[in-house]
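Asker: What shape does this take:
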Amino acid sequence: MLDAAKRLLMPSRRSDVPPFIVMDVMAAAAQLEAQGRHVVHMEVGQPAAPAPATAIAAAQAALSRGCIGYTEALGIPTLRARIARHYGEAYSLDLDPARVVVTTGSSGGFILAFLALFGPGDRVALANPGYPPYRHILSALGCEPVLIETSAATRWALSAEALLEAHRAKPLAGLLVASPANPTGTMMDAAALARLIAVAEAEGIKVISDEIYHGLDYAFAAETAAKLSTRAVVINSFSKYFCMTGWRVGWMVMPDGLVRTVERLQQNLAISVPTLSQVAAEAAFEGGAEMDAVKHGYEENRRILVEGLPKAGLDQFLPVDGAFYLYANIARFSDDSLDFAKRLLNETGVAATPGIDFDPVDGRHFLRFCYAGSAADMHEAVKRIGGWLKG
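Answerer: Coordinates of the predicted model:
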């Protein structure tokens with residue numbers, strides 16, 4: 001009887017995925033704050049700024065009208081049209097709104113894309129280091145994430161040569177690429193991205209481009225995969241550039257032949273994306289000046305860290321091209337980034353994410369710092385880290 005009861009509570013094998021460690025760091029930081037400590041939050045990739053005023057006003061107006069019902073599974077038509085228009089404004093691309101699918105953040109987009117493109121056992125290439133839920137969601141769906149190492153030789157981006165080598169060793173069904181990338185903030189230029197996509201598709205490898213940090217580019221302009229291929233799947237979100245993380249709204253650009261597939265999945269998995277978030281998202285596009293001001297704040301934060309962290313003792317980090325992350329090498333101080341991050345938090349009040357969250361191979365030597373907060377916090381973080389490392 002007891003054994004039978006235990007079996008009822010036994011989780012499925014597909015649920016056995018590692019935790020997203022950054023969320024554990026966030027929880028530990030909250031415990032310190034509850035004790036009265038001041039924590040400089042550099043762990044979660046979340047803008048400190050609010051959503052655009054235009055988005056908030058639109059949501060308030062929608063609430064005042066009363067009933068908030070379901071929308072079409074693919075999203076509110078006017079929002080889909082506004083997203084398509086954005087591609088003309090940002091990339092000079094004439095995009096058919098029929099190819100746009102509204103999702104519950106980029107996370108919902110990944111689930112829909114993986115289900116639409118891959119079956120159990122399919123192998124999907126990912127750059128290492130990379131965003132951990134890529135591999136965790138793939139694993140939960142029965143796919144095999146294939147980590148391909150990056151290096152300084154390719155500016156820490158996944159190269160066409162490395163992809164081909166992995167594909168020749170054992171065939172790949174898919175490739176997920178991100179530029180700007182998380183956790184590194186590094187980017188691929190348009191030529192490198194175009195070559196990677198062309199090589200992948202010539203081999204029959206389906207391409208997904210995570211473009212959630214587009215708009216937050218400093219070294220050079222980011223290019224969309226939608227302009228380079230009509231067969232690639234593009235995933236984006238209102239979370240980062242538009243500062244709407246908690247609204248949980250994003251979008252996909254799908255190949256024509258896969259829109260109905262994703263629509264059927266969305267109908268069954270979610271019915272539709274929260275209506276209030278969609279209304280706010282459409283209005284967010286009119287808050288561009290406000291968001292550009294936020295971006296300029298990130299650029300200043302980036303400067304503070306790039307100039308200040310070497311003086312504090314962290315003088316090795318990957319190219320800080322875009323997004324709002326700096327990926328720093330801590331090997332001279334520790335070979336255990338999880339322990340290092342815990343001590344950094346407890347002893348200095350600076351919350352950062354251990355590299356093992358993003359890289360199971362060499363992440364023990366790295367920390368990710370998010371610089372989406374205030375300039376004052378960046379100065380304070382540099383001061384605290386410097387005093388700790390030199391103390």
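Asker: Now do the buried residues in the top helix by length along the chain.
Answerer: Longest helix of the chain, by residue count under DSSP state H: helix 288-312. For helix 288-312, the neighbour count (16 or more other C-beta atoms under 10 Å) marks 288, 290-291, 294-295, 297-298, 301-302, 304-305, 308-309, 312 as buried. C-beta coordinates here come from the backbone N, C-alpha and C atoms, glycine included.
Asker: close enough to count as contact, Ile148 and Leu164?
Answerer: No - contact between Ile148 and Leu164 fails when scored by C-beta atoms under 8 Å: they sit 10.5 Å apart.
Asker: which ones are touching Ala351?
Answerer: Contacts for Ala351 (C-beta atoms under 8 Å, 6 or more residues apart in numbering) come out as Val25, Met26, Ala28, Ala29, Val39, Val40, His41, Met42, Glu43, Ala341, Leu344, Leu345.
Asker: Now do the third one against Pro47, distance only.
Answerer: So the one you mean is Ala28. 21 Å (C-beta to C-beta, to the nearest Å).
Asker: Looking at those two, which one has more neighbours?
Answerer: Higher neighbour count among Ala28 and Pro47: Pro47, with 24 against 17, using other C-beta atoms under 10 Å.
Asker: so where's this structure shaky on pLDDT?
Answerer: 1-2, 4-5 (pLDDT under 70).
Asker: Kindly report the domain assignment for it.
Answerer: Following automatic domain parsing, the chain resolves into domains at 18-49+289-390, 53-286.
Asker: right, and those domains - which one's nearest Leu8?
Answerer: domain 53-286 (20.8 Å; C-beta to C-beta).
Asker: The stretch 101-250 of the chain: strands as residue ranges?
Answerer: Secondary structure of the stretch 101-250 of the chain (DSSP state E, counting those that start in this stretch): strands at 123-128, 144-149, 174-178, 206-210, 233-237, 250-253.
Asker: Could you do the stretch 251-391 of the chain as well?
Answerer: Counting by DSSP E, counting those that start in this stretch, the stretch 251-391 of the chain has strands at residues 325-329, 350-351, 353-354, 366-370.
Asker: ok, the second one: who's next to it in the sheet?
Answerer: Strand 350-351 pairs in its sheet with strand 40-41 (parallel), by DSSP bridges.
Asker: what do you get for the third one?
Answerer: The strands beside strand 353-354 in its sheet (DSSP bridges) come out as strand 366-370 (antiparallel).
Asker: got the contact list for the partner strand?
Answerer: Counting by C-beta under 8 Å, 6+ apart, 41-46, 129, 183, 305, 309, 324-330, 337, 340-341, 344, 352-355, 357-359, 381 sit against strand 366-370.
Asker: Can you tell me which of those residues are buried?
Answerer: Neighbour-count burial (16+ other C-beta under 10 Å) applied to the contacts of strand 366-370 gives 41-46, 129, 183, 305, 309, 324-330, 337, 340-341, 344, 352-355, 357-359, 381.
Asker: how about the domains of the chain in a markdown table, adding distance to Ser12?
Answerer: Shown next, in a markdown table, are the domains of the chain (distance: least, C-beta to C-beta, whole Å):
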| stretch | distance to Ser12 |
| --- | --- |
| domain 18-49+289-390 | 15 |
| domain 53-286 | 9 |
